[in-house]
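> test case, fold it:
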Amino acid sequence: MDIRLRPATAADGEFLYDLHRRALGDVVEATWGPWDDAVQREFHRAWFAPETIEIVLVDGEPAGMVQAGPADASTYYISRIEIAPEVQGRGVGTTLLRQFVEHARTAGASAVELHVLQRNKAQELYQRLGFVVVEDDPPKLRMRLALD
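Numbers count the residues shown, from 1 in each chain. Have a look, this model is predicted:
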């Protein structure tokens, strides 16, 4: 399986909205109630900044997104990572996270942090990779991986 990243463009907007619905729709509904397309489209419009997003390509096809980078001189932050359901469980998220952690370590960061919704099963992946919960702020958890 070939996993690559490419910069997002304005043309990726609808793909990213659909990806969010497919990858996290059940978690959104479990957290806040039934999916409200108008609310979710407004959320998407507010956060969609192509210059901050990379599209995950699996065997050349768009299959996810990553929004991450330095939060400050010592901490890298993963704002969002979404993987299409049809490729979940195949190591795509693990590969991306390990690459990001290595990039942060090489850049001299002392930690990588992220937030995850409490009902998101991805927190199991993060824990397997060494992230620990450092703050419980419902409906999210803040998780941190020390790179020391």
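> name the nearest residue to L97, sequence neighbours excluded.
Spatially, and ignoring its direct neighbours in sequence, L97 is nearest to L129 (5.7 Å; CB to CB, 6 or more residues apart in numbering). (Each C-beta comes from the backbone N, C-alpha and C, glycine too.)
> wait, that neighbour touches L145, no?
Yes. The pair L129 and L145 qualifies as a contact (CB atoms under 8 Å) at a distance of 6.9 Å.
> tell me the secondary structure at L145.
Three-state assignment for L145 (DSSP: H, G, I helix; E, B strand; the rest coil): strand.
> count of neighbours near it?
21 (other CB atoms under 10 Å).
> how much space between the residue nearest to L97 and L114?
11 Å (CB to CB, to the nearest Å).
> what do you get for E29?
21 Å.
> neighbour-wise, which of those two wins?
Taking neighbours as other CB under 10 Å, E29 and L114 compare with L114 leading, 23 against 13.
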